[in-house]
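**Student:** predicted model, plus sequence, below.
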Amino acid sequence: MNITKIDNPINAKMVSHAGNGMECQNTAAGFIAAGNRSYFGIETDLRFTRDGHFVCHHNNELYTPDGKLILVEESDLETLCSVPISYGQDRVRRDMRVPTLEDYLEICKRYGKVCVLELKSKFNREQVEKVIEIIREYDYLDKIIYISFYEECLDLVRELLPSAEVQMLLSEVKPEDADHFAAKGMDIDMLVWNTNKEIVDYCHSLGIKVGCWTCDTVELAQIPLQAGCDFITTNTLE
């Protein structure tokens, strides 16, 4: 997969979706590929394991090369990290394994990238506290944007870290949604197909930022660019 540079007249911050699209998503190789490019941030999907660890994987399902199904959140870390993963690669590479939160943080910090950390499941308070503690150990709390489809997860983040930057993931944003999240001081990240200048301008008038997901063609990127979005999440653009 090739990465295409786009004209970005508003200088929207580009976020690599689950690591760079030239490698398998949510792998160390993908994060490193994104780290070597001009992206502002690297997004990943955070899930928890049965034995209390945190890993980067989009779905709760992981399949072994022989087709056996493993549920991420019902498995232990050792089992998950033993399974080679592949998304359409010619062969399964030995370096392609599910990375941990620590792996992700180390790579983002090494390359100076902002972590766009999606809490993929309904994390409880103890889990959010543990995630924050791990990030604190890496001295990277000021380089994290927390995103989620679960408002209660972002509420927990804000309760524990009042100054944390958070973005609510929404398919569609109506003025009343913008009002609600602006009152909480939360930014919004919306689906590209439902993005338009009117709602982006309204969000900006309330003092909140707007991101857009997921833009994978030059033509599609014109939607958030013309709307004036602050962030663009992408697999294939730069």
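**Tutor:** Yep, it's here.
**Student:** and the residue lying farthest from the centre of the chain, how close does it get to residue 59?
**Tutor:** Residue distances from the centre of the chain (Cα atoms, centre = their mean) peak at residue 66, which lies 29.1 Å from the mean C-alpha position. Distance, residue 66 to residue 59, using Cβ to Cβ, to the nearest Å: 18 Å. Placement of C-beta: from N, CA and C, glycine included.
**Student:** over to residue 173?
**Tutor:** For residue 173, the distance to residue 59 - Cβ to Cβ - is 25 Å.
**Student:** more neighbours, these two?
**Tutor:** With other Cβ atoms under 10 Å as the criterion, residue 173 and residue 59 differ in neighbour count, and residue 173 comes out ahead with 22 against 12.
**Student:** next up, the contacts around the more buried one.
**Tutor:** Counting by Cβ atoms under 8 Å, 6 or more residues apart in numbering, residue 173 touches 188, 190, 194, 199, 203.
**Student:** make sure the last one is indeed in a helix.
**Tutor:** Yes: for residue 203, which was evaluated using DSSP: H, G, I helix; E, B strand; the rest coil, the result is membership in a helix.
**Student:** burial measure for it, as a count.
**Tutor:** Quick note: residue 203 (other Cβ under 10 Å) scores 25 neighbours.
**Student:** re the thing from before, can you classify the residue farthest from the centre of the chain by secondary structure?
**Tutor:** With three-state DSSP as the basis, residue 66 sits in coil.
**Student:** hang on, the earlier thing: from the contacts of residue 173, which two are the most distant?
**Tutor:** 194 and 203 (12.8 Å; Cβ to Cβ).
**Student:** let me see the ranges of the helices in the chain.
**Tutor:** Assigned by DSSP state H, the helices in the chain fall at 28-35, 77-81, 101-111, 125-137, 151-160, 175-183, 197-205, 218-227.
**Student:** and the second one, what's its mean pLDDT?
**Tutor:** Model confidence over helix 77-81 averages 96 on the pLDDT scale.
**Student:** and what of stretch 186-193?
**Tutor:** For stretch 186-193, mean pLDDT is 98.
**Student:** next, count neighbours for the residue nearest to residue 79 when sequence neighbours are not counted.
**Tutor:** Using Cβ to Cβ, 6 or more residues apart in numbering and skipping the chain neighbours, the partner closest in space to residue 79 is residue 70 (6.7 Å). Neighbour count for residue 70, taken as other Cβ under 10 Å: 16.
**Student:** residue 160 against residue 130, yeah?
**Tutor:** No: if you go by Cβ atoms under 8 Å, residue 160 and residue 130 don't touch, sitting 10.8 Å apart.
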